[in-house]
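Novice: Structure here, sequence nowhere to be found:
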């Protein structure tokens, strides 16, 4: 191990040295980059994911047929008229009067078209107590929610005149309006509150306003630049609002983390008595290198999403990759320049009573070095126990995490229906449930998009009629099956309410019956006819199939490339293997918590998740990629410090103790910020966002405590010198390590390179 006279090397050290010497140039280049990226992105505009590109398979084919035909499907709305008691039927005069009033009222608004009466369309429930008035909103479906208010008011007016009946509206436009009214500002508030929360925690951690502002400023500028880059890149790979939100989360997390790692190391070296220039150079060569290794690993993990073939995942992966890369570059370039410019002014704006300045006379340097080496007292106490009994600590910690992960073995995933996504927080959920009870599948019917050479040909009409009949007789639907023909485009839409309704498992079986049995025996007999089946249930089904197919390649890509990066960065086969295993254990524990809370309902009421019963389909793969990347932040930082201490001649056990306790403060601060930011999203009303926030927060908490504070030191203590094992046949691989010799550390920078001068 110990190489006594190795010079300081590495791209991070060189970048930090250049930035310290050319600090104004470094800051100016960064500001120019952010401004140009934002300006170019704004000028180019952002291209969002098209519906036809969202999924592959039949859902994609159906969307492509509609897009090619130039058909703009309107936003469809439904008004449920339902007897409150058992006495009134749809055949009664009072009921008929209410139906007529609804038809007249919505028609009079001038906002709707194709209003149909249930007596014409036979949309009357089997028990005769419920009926549906159906119509389409005029104009673009995407903006129908902005125009539906007068229609909703008209329906409410009819309800006031018929107190004995329940009269409620539901549909794409009305759901969007109610969602926007209830949660439209939810995401924006969560995103905006994340910055002050992070700033507050940093203020406590550093005790100085300027020092606390630096990480936030770096993260925010990295996010701003990435937003501009997203606009440019979207012309090659479309983006989305979801990708924007994920980018903000990841950007804030890693941007603050990277700056925190760098700044804390620089302050630690200053507190140990080194001059400003030497402290900055050591921070560049050590923490700067850890940031690059971590950043590249996170980028690789995010790139795993590009292998899913799902447009939303690809957008999220690319956006996250870009913001991590931008934050990483900013941390090793503009941050050293800012620290060099600020010098001791980084301590300005100190908060009384939080921290006492530790920078005293140079004669106290020895005391300061001892204090820096002592690190966290709490983790020092934990480490004494762990290192004294590493085998016991390993068994206990691993057993605890495996027990936490155990519920994940029974994980059930599905696209959350409206009632599970929002619970009782939206009144329209009650309407959704009542429609599904009276007309199973009626609120979200399967949609068969039929394209033929001549849609009005006799054989096509016959096949459509046969399909309509067979859909009901097969048991896939209870009807009514509605057909809407676009003769000039040779396209027809067949709407089939699926048996099962909001019960995803049963509805899936009905969908498979339509696709595998009913369609081949009817529409499938017409040559040249296409009839892909889409809709909410079909979309969920196709999404699941595609996601399951992408799990293996994504998993393999992320794990293999992370392993290779760790191997190159630490030149140790043992470190690479244990890093992967510990990260996988951390992810498994997060899965277990998710399943326990959201699927089994253990403590679900504490987070407002009672009755969900499933994990949203996209979350497990998303969490794996995000968590595997973010976990490397702490791991690389801690292991780098351990290796650094070992290279200076400490014993492995002493190096472990030194590495863990001296990084405990920064890891704790970074983890608290991440947990706080992710927990904000755990407070949102949407269950999918709540699951994401809780899963991320729980995983980061486990990672920063049990994994890094107990398991990592226990494993490394048991392995001893085998931690640094590298087979001879791998010795020729590139060397990406950094080696800090004591002489190099102590040597001050040339006069022109000194920070703060």
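Specialist: On my side now, so go ahead. Please read these numbers as outputs of a predicted model, since none were measured by experiment.

Novice: the bottom helix or strand of the protein by mean pLDDT?
Specialist: In the chain, no helix or strand scores lower on mean pLDDT, DSSP states H and E than helix 742-746, which sits at a mean of 40.

Novice: Next, the buried residues of stretch 20-37.
Specialist: Residues of stretch 20-37 classed as buried: 20, 21, 22, 23, 26, 27, 30, 33, 34, 37 (neighbour count, 16 or more other Cβ atoms under 10 Å). For glycine as for every other residue, the C-beta is placed from the backbone atoms N, C-alpha and C.

Novice: Which of those fall within helices?
Specialist: 20, 21, 23, 26, 27, 30, 33, 34, 37 (DSSP state H).

Novice: Need the nearest residue in space to the first one, chain neighbours excluded.
Specialist: Put plainly, it is residue 20. Excluding the flanking residues, the one nearest residue 20 by Cβ to Cβ, 6 or more residues apart in numbering is residue 340, at 4.4 Å.

Novice: Could you do the fifth one as well?
Specialist: Nearest non-adjacent residue to residue 27, counting by Cβ to Cβ, 6+ apart: residue 337, 5.2 Å away.

Novice: Same check on the fourth one?
Specialist: On the basis of Cβ to Cβ, 6+ apart, the spatially nearest residue to residue 26 that is not a chain neighbour turns out to be residue 337, at 3.6 Å.

Novice: picking up where we left off before, so is the residue nearest to residue 27 in a helix, a strand, or just coil?
Specialist: Classification of residue 337 using DSSP: H, G, I helix; E, B strand; the rest coil returns helix.

Novice: Any idea how many residues pack against it?
Specialist: Neighbour count of residue 337, defined by other Cβ atoms under 10 Å: 25.

Novice: Okay, it and residue 285: tell me how far apart.
Specialist: Using Cβ to Cβ, to the nearest Å, residue 337 is found at 16 Å from residue 285.

Novice: Go ahead and confirm residue 221 touches residue 330.
Specialist: Yes: if you go by Cβ atoms under 8 Å, residue 221 and residue 330 touch, sitting 6.9 Å apart.

Novice: where in the stretch 451-600 of the chain is pLDDT low?
Specialist: 501-502 (pLDDT under 70).

Novice: same question, the chain
Specialist: Short version for the chain, where the test is pLDDT under 70: 1-10, 51-55, 182-189, 191, 353-376, 423-425, 442-443, 501-502, 610-611, 735-757.

Novice: all strands of it, in order?
Specialist: 76-83, 112-116, 130-137, 165-171, 413-414, 446-451, 482-486, 491-496, 533-534, 615-616 (DSSP state E).

Novice: quick one: buried residues of the fourth one?
Specialist: Across strand 165-171, burial judged by 16+ other Cβ under 10 Å covers 165, 166, 167, 168, 169, 170, 171.

Novice: As TSV, those with distance to residue 623 would be great.
Specialist: As requested, the buried residues of strand 165-171 are exported to TSV (distance: Cβ to Cβ, whole Å):
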residue	distance to residue 623
165	46
166	41
167	43
168	37
169	37
170	32
171	33
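
Novice: hmm, which two among these are most spread apart?
Specialist: The distance between the two most remote of the buried residues of strand 165-171 (Cβ to Cβ) is 19.0 Å, for 165 and 171.

Novice: which helix is the longest one in the chain?
Specialist: helix 536-570.

Novice: Packing partners of it?
Specialist: helix 57-69, helix 287-303, strand 413-414, strand 446-451, helix 504-513, helix 573-594, helix 619-647 (3 or more Cβ pairs under 8 Å, 6 or more residues apart in numbering; DSSP states H and E).

Novice: Just send the ones you listed back as a markdown table, with distance to residue 702 and mean neighbour count too.
Specialist: A markdown table is the format used below for the helices and strands packed on helix 536-570 (distance: least, Cβ to Cβ, whole Å; neighbours: other Cβ atoms under 10 Å):
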| stretch | distance to residue 702 | mean neighbour count |
| --- | --- | --- |
| helix 57-69 | 36 | 19 |
| helix 287-303 | 18 | 26 |
| strand 413-414 | 21 | 18 |
| strand 446-451 | 42 | 25 |
| helix 504-513 | 30 | 19 |
| helix 573-594 | 5 | 22 |
| helix 619-647 | 10 | 25 |
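
Novice: In contact with the residue nearest to residue 26, which residues?
Specialist: 19, 20, 22, 23, 24, 25, 26, 27, 30 (Cβ atoms under 8 Å, 6 or more residues apart in numbering).

Novice: same check, this time on residue 577
Specialist: Contacts for residue 577 (Cβ under 8 Å, 6+ apart) come out as residue 563.

Novice: what is the residue lying closest to residue 482 once chain neighbours are set aside paired to in the beta sheet?
Specialist: Using Cβ to Cβ, 6+ apart and skipping the chain neighbours, the partner closest in space to residue 482 is residue 495 (4.5 Å). On the basis of DSSP bridges, residue 495 is bridged to residue 447, residue 482.

Novice: mind checking which of the strands of the chain is nearest residue 384?
Specialist: Here strand 615-616 is closest among the strands of the chain (Cβ to Cβ), at 39.3 Å.

Novice: what helices or strands is that closest one leaning on?
Specialist: Strand 615-616 packs on strand 413-414, helix 687-702, going by 3+ Cβ pairs under 8 Å, 6+ apart.

Novice: Can you name the residues that contact the spatially most central residue of the chain?
Specialist: For the chain, the residue nearest the mean C-alpha position is residue 246 (4.9 Å; Cα atoms, centre = their mean). Neighbour list for residue 246: 316, 319, 320 [criterion: Cβ under 8 Å, 6+ apart].

Novice: the helices in the stretch 651-757 of the chain, which residues?
Specialist: 652-682, 687-702, 712-719, 742-746 (DSSP state H, counting those that start in this stretch).

Novice: Contact partners for the nearest residue to residue 12 once chain neighbours are set aside?
Specialist: Once flanking residues are discounted, residue 12 sits nearest to residue 288: 3.2 Å by Cβ to Cβ, 6+ apart. Residue 288 makes contact with 10, 12, 13, 15, 16, 262, 331, 332, 336 under the criterion Cβ under 8 Å, 6+ apart.

Novice: now do residue 127
Specialist: Shown in contact with residue 127 (Cβ under 8 Å, 6+ apart): residue 438.

Novice: at 10 Å what do you get?
Specialist: With Cβ atoms under 10 Å, 6 or more residues apart in numbering as the criterion, the residues that contact residue 127 are 83, 86, 89, 90, 438.

Novice: Make sure the fourth one is actually in contact with residue 128.
Specialist: Read that as residue 90. Yes: between residue 90 and residue 128 there is a contact at 5.1 Å, judged by Cβ atoms under 10 Å.

Novice: joint contacts of the two?
Specialist: residue 83.

Novice: on that earlier part again, let me know how buried the residue nearest to residue 482 is, in neighbour terms.
Specialist: By other Cβ under 10 Å, 19 other residues sit near residue 495.

Novice: what's the answer for residue 174, then?
Specialist: Around residue 174 there are 25 residues (other Cβ under 10 Å).

Novice: phi, psi of the closest residue in space to it that isn't next to it in sequence?
Specialist: Spatial nearest neighbour of residue 174, excluding adjacent residues (Cβ to Cβ, 6+ apart): residue 148 at 5.5 Å. Main-chain torsions, residue 148, degrees, to the nearest 10: phi -90, psi -10.
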